[in-house]
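model this:
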Amino acid sequence: MKKKLINKIVIASNNKDKVQEIKRYFNKINIELIPSYKLSIPEPKETEKTFKGNAFLKASYTAKLTNLTSLGDDSGLVIPSLNGKPGIFSARWGGPKKDFNLAMKKVNKKLKGKSKFAWFVCSIAIVSPNNMSKIFEGRIYGNLTWPPKGEHGFGYDPIFIPLGYEKTFGEMKKEIKEKISHRSIAFNQFFKNINLF
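Reported below is the predicted structural model:
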């Protein structure tokens with residue numbers, strides 16, 4: 001990796017599970033990571049129509065408020081047989097409380113008799129205070145299963161089996177999931193380009 005020029009990044013998220021996962025990708029790199037909730041910064045409304053758009057929106061909003069380089073992450077589950085849903089609305093399928101048990105039940109109900117092929121998408125945007133920006137995206141393909149299996153991970157992980165594996169993300173140890181996941185793929189691109197800032 002080329003010389004690092006960033007020493008502090010705000011993670012533009014109040015999702016503690018997501019923040020902890022993101023932090024683990026940085027565990028060998030000396031960058032201070034500050035979650036939005038530590039600064040009492042609310043997440044902006046996700047008004048864009050793509051994962052990349054929402055990731056950029058979060059990062060740019062947070063960079064303006066903090067005057068610090070900020071990282072926005074937007075991710076979700078795409079199911080072609082449901083016309084791409086839940087997509088960017090993945091968390092919102094869980095209702096006001098973002099209850100993913102509810103969201104997974106909703107997915108299972110809508111998938112009756114339909115293809116269970118799906119993929120996870122993760123878009124990462126990094127925006128500096130002087131408005132330099134870069135966006136990276138990762139995908140992992142797989143199939144959905146029912147009932148949910150595993151206590152690891154979060155979100156739709158207990159119903160997603162990546163291609164080439166027999167266990168759901170929810171059953172996998174985090175070290176395995178984080179080597180192959182959509183977020184891992186996006187962060188591999190990110191770390192190759194972090195010197196841009």
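
now the helices for this protein?
Taking DSSP state H to define them, one finds helices in the chain at 16-25, 51-66, 100-110, 174-180, 182-193.

P35 touches S13, doesn't it?
Yes: contact criterion Cβ atoms under 8 Å: P35 and S13 qualify, at 6.5 Å. (Each C-beta comes from the backbone N, C-alpha and C, glycine too.)

common neighbours of these two, please.
Counting by Cβ atoms under 8 Å, 6 or more residues apart in numbering, the contacts common to P35 and S13 are V19.

Q189 - how many residues pack around it?
15 (other Cβ atoms under 10 Å).

per-residue pLDDT of it, please?
Confidence at Q189, expressed as pLDDT, is 92.

wait, it sits on R139?
No: Q189 is beyond contact range of R139, at 11.7 Å (criterion: Cβ under 8 Å).

how about low-confidence regions in this protein?
1-5, 194-197 (pLDDT under 70).

which residues does the most centrally placed residue in the chain bridge with?
Nearest residue to the geometric centre of the chain (Cα atoms, centre = their mean): S75, 3.7 Å. Under the criterion DSSP bridges, S75 forms beta bridges with C122.

so who does it touch?
So S75 contacts 18, 51, 90, 120-123, 182-183 (Cβ under 8 Å, 6+ apart).
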